[in-house]
Structure formats: C-alpha cells, structure tokens
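Student: coordinates only, sequence not included:
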C-alpha cells in the first residue's frame with residue numbers, strides 16, 4: 001500500500017461527528033458502547049476496511065480506516081449505533097489522506113477539544129488503539145501514526161502551558177461548583193458512577209474540596225469499593241441511591257450508561273439540589289430540570305461557562321501548533337521513506353543486473369579468484385550507489401515525488417510495485 005498515493009484506489013479516511021455541529025442528544029445517538037466497539041472493528045475486516053481505529057468519547061465519535069469508499073465507514077457506524085444513515089451524512093465530517101492525519105493529530109493534542117487543551121482525549125486514543133491491536137485491525141501505518149500523535153500530545157502538554165487550568169470536563173465541573181458556593185465544606189457531594197469520567201471527577205473533587213463530604217455510589221459495588229478505598233471516601237450500596245440523593249446538596253452523574261439513570265422518581269424531597277450531568281448520552285433525564293428545587297447542568301453548558309476562564313489559553317496555541325507540526329513533519333518523512341522503498345529495491349536489482357551482465361562478459365578472460373574479487377567490489381559499489389540515492393531522497397530532496405519519478409524513468413524501473 002502506497003500511503004497517501006492519490007492513484008491508489010484505497011485511501012485513508014475518517015468520518016465522524018463532534019460537539020462542533022451536534023448537541024449532546026445527537027452525539028448520544030451515535031455513541032458506541034465498549035462491547036460494540038470491538039464488534040465494529042471485527043466487522044470492519046469483513047467489509048474491506050483496513051487499518052481501522054474507532055474513537056468514541058462524550059464529545060466525538062470517529063472511525064478511521066483505509067477504504068475505497070467512505071460509505072463503508074458510514075454504514076459501519078450506523079450499524080452499531082442508534083442513529084440513522086441520513087442523519088449521520090447530514091452532520092458528519094469526512095477527511096481524506098493528509099486531512100485525516102492532520103485531524104487525528106489535532107484531536108490527540110487537545111486542539112480540537114470542546115475545552116481546548118483537554119488532554120484526557122489522548123487516553124481515549126490510546127485505548128482505541130489497544131482495541132485495534134486486540135482485534136488485529138492495525139498495521140504498520142496505524143502503529144506509526146498513533147505513536148507519532150502520542151509523542152505530539154506529550155510534547156504539547158509539557159512544552160506549552162496549554163494544559164493549565166480546566167483541562168477536562170471533570171475538572172470544569174469541580175471548578176463550576178467552587179464558583180457557585182463560597183464554602184464547599186458544609187456541602188454534601190454525591191458522585192454517581194465510577195467509569196473514567198467518574199474516577200477523574202472523584203480525583204478532582206478530593207484535590208479541590210473537603211473529601212469527607214463526598215459519597216460514592218455505583219451499580220457495581222466492587223468497583224465502587226475499589227475507588228472508595230483508593231481515595232478513602234464513603235461508599236454506599238446502589239439500593240440507597242434515592243436516600244443519598246435526598247441527603248446531598250450536589251450530585252455528579254457520570255455512569256456512562258446509554259439511557260438516563262437519574263429521573264424525577266429518584267428525587268424524593270424538595271431541598272435545593274445542583275446536578276451536574278457529565279455524560280454522553282445524557283445520564284440525567286432532562287425533565288428533572290422541571291423540578292423547582294433542582295438546577296441541572298449538562299457538560300455542554302459547563303464548557304460554555306468555562307470559556308472565559310479558558311481565553312488565556314489562546315496565547316499558547318501558536319506554540320502548541322508548532323510543536324505538533326514538528327512531530328507531524330517527522331511522520332510524513334516516514335511516509336516518504338516507506339514510499340521510496342520499492343523504488344530503491346528496484347534500483348538495487350537493476351544495478352545488479354548491470355553488474356551481472358558486465359561480469360559475465362569478463363568471466364572468460366579472468367580467473368576464478370579475480371572473478372570473486374570483482375564480484376565483491378561490484379557488490380559494494382552497487383550498495384553504495386543505492387545508499388546514496390536513498391540518502392538523497394531521505395535527507396536532501398525538496399520535491400520528493402518528482403525525484404522519485406525521475407529515478408524510475410532514468411533507470412526504467414517499470415516494475416516498481418506498491419510497498420505493503
């Protein structure tokens with residue numbers, strides 16, 4: 001496969017949707033559970049989709065892969081989500097080749113996040129890649145690409161201040177309640193859910209509030225106990241959910257369920273209650289906001305409310321893009337090196353043909369020992385010439401494709417094959 005070769009019928013695409021054009025409900029329609037993510041990747045191998053990667057977070061669902069037609073990716077996403085094809089095509093973005101690669105770099109570096117500089121997304125990219133490895137939908141291209149975006153994300157994080165302040169939805173939620181209440185020490189906080197978002201929220205709550213006032217509930221008691229022991233916080237059985245909601249002042253919901261897990265029926269008193277729903281799809285039924293004692297904040301609203309505090313990050317964007325572009329340039333250089341392999345291999349074979357032809361003519365006029373010496377010497381010359389061409393293409397060529405074609409034409413390398 002000649003990566004990014006426009007003449008190749010198979011191209012690298014990404015299709016997806018994000019917070020930029022869709023609200024939480026719509027994103028929820030195309031959110032894909034962990035089990036179904038593996039099924040989708042497995043099925044991608046059956047529909048001629050190569051090197052596939054699926055990213056499904058609260059803010060985006062994206063499917064990357066080598067296909068001859070992006071329609072294949074659309075059909076895969078629809079098959080494993082609750083949305084329909086017409087709606088997906090209406091709201092989705094489609095990027096091809098370098099645009100798809102550039103997009104993944106931006107996503108991984110937190111430059112395409114709802115909260116600029118959110119570096120939690122790189123953890124999701126890593127998990128998505130682990131899934132691709134598990135079901136064997138990765139190849140040398142995707143391996144290298146993911147390695148490059150991880151390096152870029154790490155450099156952006158540590159070489160710029162883009163990650164200062166609220167770098168995630170979970171922290172934005174904690175920041176919000178700190179702004180709403182002058183003193184959190186007398187507020188009882190209930191955290192419902194122990195998935196990644198729930199764990200991050202729990203950690204941020206402990207760092208920035210009085211953790212003695214935090215209670216944790218999860219459907220899986222075992223997971224709740226593990227997290228409770230780690231942070232030394234109260235854990236209650238799921239059967240007491242309604243009682244704990246009645247007793248708390250602030251409720252964080254991050255269960256990661258595909259349907260609402262908190263409804264009007266769970267709220268049994270009329271004391272003031274602030275609920276922060278950090279999940280996609282929504283884990284709190286929107287009708288809960290109709291209750292006069294309830295203030296319901298969703299993650300979409302959180303991001304809007306924190307925009308002002310994040311304005312300061314904009315001055316770090318030029319440096320972040322520069323750091324990202326450095327790693328991206330290295331990745332494209334690797335693609336070029338892969339592209340030249342078949343030409344250099346064919347050149348080496350062509351030069352060896354010249355060598356063999358000339359040595360054949362000399363074979364009758366020189367002895368066996370001289371033949372061996374000539375063979376060794378000519379082999380070294382062929383390797384040195386081939387190496388010089390490779391070095392020039394790799395390090396000095398300013399118009400790589402033109403120079404590659406020039407070598408192919410000069411030496412008549414008609415049988416250069418696409419490198420897999």
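Tutor: Everything's here; your move. Here the structure is a predicted model, which is why all the values come from computation and not from measurement. Residues are numbered from 1 along each chain as shown.
Student: Would you mind identifying the next helix or strand past the helix or strand hosting residue 357?
Tutor: Counting by DSSP states H and E, the element that carries residue 357 is helix 317-362. Where DSSP H and E defines the elements, the next helix or strand beyond helix 317-362 is helix 368-395.
Student: Against which helices or strands is the following helix or strand past that following helix packed?
Tutor: Scanning forward in sequence from helix 368-395 by DSSP H and E, the next helix or strand is helix 400-410. Using 3 or more C-beta pairs under 8 Å, 6 or more residues apart in numbering; DSSP states H and E as the contact test, the elements touching helix 400-410 are helix 317-362, helix 368-395. All C-beta atoms are positioned from the backbone trio N, CA, C, and that covers glycine.
Student: Now do the first one against helix 400-410, angle only.
Tutor: Here the directions of helix 317-362 and helix 400-410 differ by 10 degrees (axes from the mean of the first three to the mean of the last three C-alpha atoms, to 10 degrees).
Student: what's helix 317-362 packed up against?
Tutor: helix 98-108, helix 140-159, helix 368-395, helix 400-410.
Student: Please state the offset of the second one from the chain centre?
Tutor: In terms of C-alpha atoms, centre = their mean, to the nearest Å, the gap separating the centre of helix 140-159 from the centre of its chain is 10 Å.
Student: buried residues in that helix?
Tutor: Within helix 140-159, the residues that qualify as buried are 141-142, 144-146, 148-157, counting by 16 or more other C-beta atoms under 10 Å.
Student: Enumerate every residue touching the residue nearest the centre of the chain.
Tutor: Of all residues in the chain, the one closest to the mean position by C-alpha atoms, centre = their mean is residue 125, 3.2 Å from it. Contact analysis of residue 125 by C-beta atoms under 8 Å, 6 or more residues apart in numbering lists 55, 104, 107, 108, 146, 149, 150, 153.
Student: That one is in what secondary structure piece?
Tutor: Here residue 125 is assigned to helix 120-134, by DSSP H and E.
Student: Ok, residue 251 next?
Tutor: Assigned by DSSP H and E, residue 251 falls in strand 250-253.
Student: Now do the helix or strand just after that strand: which elements does it pack against?
Tutor: Proceeding N to C from strand 250-253, the next assigned helix or strand is strand 273-277, under DSSP H and E. Judged by 3+ C-beta pairs under 8 Å, 6+ apart, strand 273-277 is in contact with helix 169-180, strand 250-253, strand 294-298.
Student: Tell me which of those sits nearest to residue 327.
Tutor: Each of these has some distance to residue 327 by C-beta to C-beta; the shortest is helix 169-180, at 25.8 Å.
Student: The closest one vs strand 273-277, what angle?
Tutor: Using the same axes, to 10 degrees: helix 169-180 against strand 273-277 is 160 degrees.
Student: Residues in contact with helix 169-180: which ones?
Tutor: Residues outside helix 169-180 that contact it (C-beta under 8 Å, 6+ apart) are 58, 114-115, 118, 120, 166, 184, 187, 189, 197, 200-201, 203-205, 208-209, 250, 252, 254, 274, 276, 278, 297, 299, 302-303, 305-306, 309.
Student: Kindly give a single PyMOL line that selects the buried subset of the residues you listed.
Tutor: In PyMOL syntax, the buried subset of those is picked out as below (16+ other C-beta under 10 Å):
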select buried, resi 58+114+115+118+120+166+184+187+189+197+200+201+203+204+205+209+250+252+254+274+276+278+297+299+302+303+306
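Student: follow-up on the earlier one: check the gap between the residue nearest to the centre of the chain and residue 110 for me.
Tutor: 11 Å (C-beta to C-beta, to the nearest Å).
Student: Find residues that contact each of the two.
Tutor: With C-beta under 8 Å, 6+ apart, residue 125 and residue 110 have common neighbours residue 153.
Student: tell me how far the ends of stretch 265-282 are from each other?
Tutor: From its first residue to its last, stretch 265-282 covers 16 Å (C-alpha to C-alpha, to the nearest Å).
Student: Just the buried residues of it, please?
Tutor: 266, 267, 273, 274, 275, 276, 277, 278, 279, 280, 281, 282.
Student: Can you check my assumption that residue 42 lies in a helix?
Tutor: Yes - under DSSP: H, G, I helix; E, B strand; the rest coil, residue 42 sits within a helix.
Student: burial count for the closest residue to it other than its chain neighbours?
Tutor: Nearest non-adjacent residue to residue 42, counting by C-beta to C-beta, 6 or more residues apart in numbering: residue 135, 5.2 Å away. Residues contacting residue 135 under the criterion other C-beta atoms under 10 Å number 17.
Student: ok, now how distant is residue 135 from residue 173?
Tutor: 33 Å.
Student: wait, what's in contact with residue 294?
Tutor: 267, 273, 274, 275, 288.
Student: Can you give me the neighbour number for the residue nearest to residue 350 when sequence neighbours are not counted?
Tutor: Leaving aside its sequence neighbours, residue 350 sits nearest to residue 411 (C-beta to C-beta, 6+ apart; 5.1 Å). Per other C-beta under 10 Å, the neighbour tally for residue 411 reads 16.
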